[in-house]
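*Asks:* got a sequence here, can you model it:
(2 chains)
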Amino acid sequence: MHRLAITCAALFATHPARTQGWNNVGKDDVPKGFSWTDPLFSGFWMAWTPATLAIFIGIFAAMGTLIALEIRWPGGNERQGFLGLTTTRGDRLFISLLGTVYIFLAWLGLVGQGLLWIPLILALSWATLCFWKA
Amino acid sequence: MKTVNQRAWFFVLPVLLLVAFNALVPMMTVVNYSVQETFGDNLFFWEGLRWFEQILTSERFHAALGRQFLFTGIILLIEIPLGIIIALSMPRKGFWVPVCLVTMALPMLIPWNVVGAMWNIFTLPRLGLAGYFLNEIVGINYNMTQSPLAAWITIIVMDVWHWTSLVVLLCYAGLVSIPDAYYQAAKIDGASNWSVFRYIQLPKMKTVLTIAILLRFMDSFNIYTEPFVLTGGGPGNSTTLLSIDLVKIALGQFDLGPAAAMSLIYFAITLLVSWLFYTLMTREDDK
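*Replies:* Residues are numbered from 1 along each chain as shown, chains lettered A, B, ... in the order given. Below you'll find the predicted structure:
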């Protein structure tokens, strides 16, 4: 009984640590400035960060632009591209994005996390090529 | 110029909302998880692209991916030709048409986990009909819980049993739509059976066959329930396909970051193969 009482008391003593979470252990309370990689909404299950939010805003903005272009100039600006495919604006965006994914995956698999601006330049060139010639 | 009424797009809106909730929001969450580490409690720590590098260079992922492509390749090579052959040998008219169609559709009506359980019992060495027959009467040592080869044969035969009917039904729909005049013309010209197949039946089946191959590719590439119930990925890791490995990482090890990165790579592969195949198959129609 005595031992149980001590255990219960010890359990309650850890309560502040548990409610605050391990995130705060060993950290100073100085407020940090804006960071692209910090959680955007703390404790939210979707785990947004400014960086990932920016990516999705970019993709949806691109789709929005396509819709606007389609309303202004309908027909999708269809043409025969260098890949031998008939592509519309939407197809060209899709091919650009899919190519970008694979350029980065190939870089990460073959080289690693270093020099990430090289695949970025490759991806941007690929997207430019897609919208110019594909 | 004909005016196009674009108001029909509003009717798509409910579907769009539904897809947003059951696909888009989870998808975006997966992207967020793939660049972070979590130990639960909705606390996240930035990891950058580390998980992607880790997955792409891991032996375990390469092995699972290899097994996945092997499985999908084998079942496509069996199911597509077999489906065409069965569809060609089905009657075109009369009493037997509905009998064939309903019999064909039966395996597809069975829930996936039940299919796995059925084939598990069916192939157990002492208990199941096939297992008992092979081991005790034919005398082959067939045990899918011990031999990787037996396990592979079992999941492939199970998938062929379960899904060939889909190819058959789609091909049959394509075949039925061919007018009799085509066959009469072929007969007058003295075309051989092969020529009739190559120049009349196959071109008419092309669209449905494209859909059949796409569906079978995506379904078999993402297959989870049946092999999970049947072999659980074993013996050892011999039938651990990509999805089974993914669930092991995500729920078994609770490594949500690496699992998210892996599922995005998985998604990219499915997307690329499906897009390439569809684009190449429909390219001729554009010209």
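*Asks:* OK, contacts around residue 70?
*Replies:* By default, I'm working from chain A. A:76, A:89 (CB atoms under 8 Å, 6 or more residues apart in numbering or on different chains). Quick note: C-beta positions are derived from backbone N, CA and C, even for glycine.
*Asks:* element containing it?
*Replies:* Assessed by DSSP states H and E, residue A:70 sits inside helix A:50-72.
*Asks:* so what pLDDT did the residue sitting nearest the centre point of chain A get?
*Replies:* The C-alpha lying nearest the average C-alpha coordinate of chain A belongs to residue A:52 (CA atoms, centre = their mean; 3.0 Å). Note on residue A:52: pLDDT of 91.
*Asks:* so it touches residue B:32, yeah?
*Replies:* Yes. If you go by CB atoms under 8 Å, residue A:52 and residue B:32 touch, sitting 5.0 Å apart.
*Asks:* where do the helices sit along the stretch 101-250 of chain B?
*Replies:* B:112-123, B:129-132, B:148-176, B:180-188, B:193-196, B:202-221, B:225-230, B:242-247 (DSSP state H, counting those that start in this stretch).
*Asks:* now swap in chain A and tell me
*Replies:* A:2-13, A:15-20, A:50-72, A:89-110, A:117-133 (DSSP state H).
*Asks:* elements contacting the last one?
*Replies:* By that I understand helix A:117-133. helix A:89-110 (3 or more CB pairs under 8 Å, 6 or more residues apart in numbering or on different chains; DSSP states H and E).
*Asks:* right, is the helix it packs on up against chain B?
*Replies:* Yes. Residues of helix A:89-110 contacting chain B under CB under 8 Å from any CB of the partner chain: A:94, A:98, A:101-102, A:104-105, A:108-109.
*Asks:* got the buried residues for stretch A:48-68?
*Replies:* Across stretch A:48-68, burial judged by 16 or more other CB atoms under 10 Å in any protein chain shown covers A:48-49, A:51-53, A:66.
*Asks:* tell me the contacts of residue B:55?
*Replies:* Neighbouring residues of residue B:55 by CB under 8 Å, 6+ apart: B:61, B:258, B:261-262, B:265.
*Asks:* among those, name the buried ones.
*Replies:* B:61, B:258, B:261-262, B:265.
*Asks:* could those residues be laid out in a markdown table, adding secondary structure?
*Replies:* Formatted as a markdown table, these follow (DSSP: H, G, I helix; E, B strand; the rest coil):
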| residue | secondary structure |
| --- | --- |
| B:61 | helix |
| B:258 | helix |
| B:261 | helix |
| B:262 | helix |
| B:265 | helix |
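*Asks:* and chain A, which of those residues contact it?
*Replies:* Contacts with chain A within the buried ones among the contacts of residue B:55, counted by CB under 8 Å from any CB: residue B:265.
*Asks:* for residue B:214, see how far away residue B:57 is.
*Replies:* Distance, residue B:57 to residue B:214, using CB to CB, to the nearest Å: 30 Å.
*Asks:* what does the stretch 51-200 of chain B have sitting close to chain A?
*Replies:* B:52-53, B:56-57.
*Asks:* identify the residue nearest residue 82 in space, chain neighbours excluded?
*Replies:* Here I'm looking at chain A. residue A:133 (4.6 Å; CB to CB, 6 or more residues apart in numbering or on different chains).
*Asks:* meant chain B actually
*Replies:* residue B:164 (5.4 Å).
*Asks:* run a quick neighbour tally on that neighbour.
*Replies:* Neighbour count for residue B:164, taken as other CB atoms under 10 Å in any protein chain shown: 23.
*Asks:* wait, isn't it in contact with residue B:84?
*Replies:* No. Shown here, residue B:164 and residue B:84 do not form a contact pair, counting by CB under 8 Å, at 10.2 Å.
*Asks:* who's in contact with the residue of the stretch 101-250 of chain B found nearest chain A?
*Replies:* Residue nearest to chain A within the stretch 101-250 of chain B (CB to the nearest CB): residue B:250, separated by 14.6 Å. By CB under 8 Å, 6+ apart, the contact list for residue B:250 reads B:256, B:259-260, B:263.
*Asks:* now residue B:155
*Replies:* Taking CB under 8 Å, 6+ apart, one finds B:71, B:226-227, B:230-231, B:239 in contact with residue B:155.
*Asks:* just for chain B, where's the confidence low?
*Replies:* Scanning chain B for pLDDT under 70 picks out the ranges B:1-3, B:284-287.
*Asks:* re the thing from before, now for the residue nearest to the centre of chain A: which residues touch it?
*Replies:* Counted by CB under 8 Å, 6+ apart, residue A:52 has contacts B:28, B:31-32, B:35.
*Asks:* hmm, residue B:258 and residue B:54 touching each other?
*Replies:* Yes. Using CB under 8 Å, residue B:54 is in contact with residue B:258, at 6.1 Å.
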